[in-house]
Every structure is written in C-alpha cells, then in structure tokens.
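[1] Would you be able to build a 3D model of this:
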Amino acid sequence: MGREAYQVGMEQRLRDLSLQIDSVRSRLMDSPHDGLRMELAAQLSWLEHRRDSVREKLDALSDEPDGTWEDLKAEVEDEWDALIQDFEERVANLA
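    I've put the predicted structure just below:
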C-alpha cells in the first residue's frame, strides 16, 4: 500500500474512532452515576490525547522521505494498535 492510500485509510480509522468516542461521551451525559461519569470522562480524554498523538505522527508521514516513511508508518501502526486495545478494554462496551 502506498503512502497516500495508507494515510487516507488511517484518517478514516481516526474519524471512526472519534465518532465512537463521541458516542460514548453523549451516553455519559445521561448517566445518573457521577463517579462513573467522571471516571469515563477521564478515560475518554486520555484516549483523545492518544488519538491526537497518532494523528500527529500520521501528519508527519507526508514530510518523510520515500525511503524512511515506512519506519514512521510502523510507529503509527504500533500506537494505533495500542490505542484500539485501550479503547476496547476501557470503553468500547459503552459505544
């Protein structure tokens, strides 16, 4: 897969994750449990921070020379995989 196709696909995955986070956040607003709401709000903020980190690395791919972008792509993939695992473990059941 070429760089541009990879970036387009990863951008879509990031948008999809953002929609899932927004869905959980909207359900949180309706929760009568303040403790749970606060805990999940903190988890969502942390996940959004990690998502933004993946996005920054993805944006940096366009500046990488052809010979080295694969290395940064591997970093993006590793961070993405960890982010998705964290999302699934922490809040996916609420999405």
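[2] burial measure for D52, as a count.
    12 (other CB atoms under 10 Å). In this view, the C-beta of every residue, glycine as well, is placed from N, C-alpha and C.
[3] And it, which helix or strand is it part of?
    Using DSSP states H and E, the element containing D52 is helix 34-61.
[4] okay, and for the protein, where does confidence drop off?
    Scanning the chain for pLDDT under 70 picks out 92-95.
[5] just to revisit the earlier point, would you pull up how far the helix holding D52 lies from the middle of the chain?
    Centroid displacement of helix 34-61 relative to its chain, using CA atoms, centre = their mean, to the nearest Å, is 7 Å.
[6] ok, the spatially most central residue of the chain - contacts?
    Nearest to the mean C-alpha position of the chain, by CA atoms, centre = their mean, lies R51 at 3.3 Å. R51 makes contact with 14, 17-18, 21, 83, according to CB atoms under 8 Å, 6 or more residues apart in numbering.
[7] Swap in 10 Å and give it another go.
    Counting by CB atoms under 10 Å, 6 or more residues apart in numbering, R51 touches 14, 17-18, 21, 79-80, 83, 87.
[8] what are the C-alpha coordinates of stretch 8-16, in CSV please?
    Extracted C-alpha coordinates of stretch 8-16, given in CSV (Å, rounded to 0.1, in the frame of the first residue of the first chain):
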residue,chain,number,x,y,z
VAL,A,8,-6.3,8.2,3.6
GLY,A,9,-7.2,4.8,5.2
MET,A,10,-5.7,5.8,8.6
GLU,A,11,-7.5,9.1,8.6
GLN,A,12,-10.8,7.2,8.1
ARG,A,13,-10.0,5.0,11.0
LEU,A,14,-9.2,8.0,13.2
ARG,A,15,-12.5,9.6,12.2
ASP,A,16,-14.4,6.4,13.0
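[9] What lies in contact with that stretch?
    Contacts of stretch 8-16 (CB under 10 Å, 6+ apart): 1-2, 51-52, 54-55, 57-59, 61, 73, 76-77, 80, 83-84.
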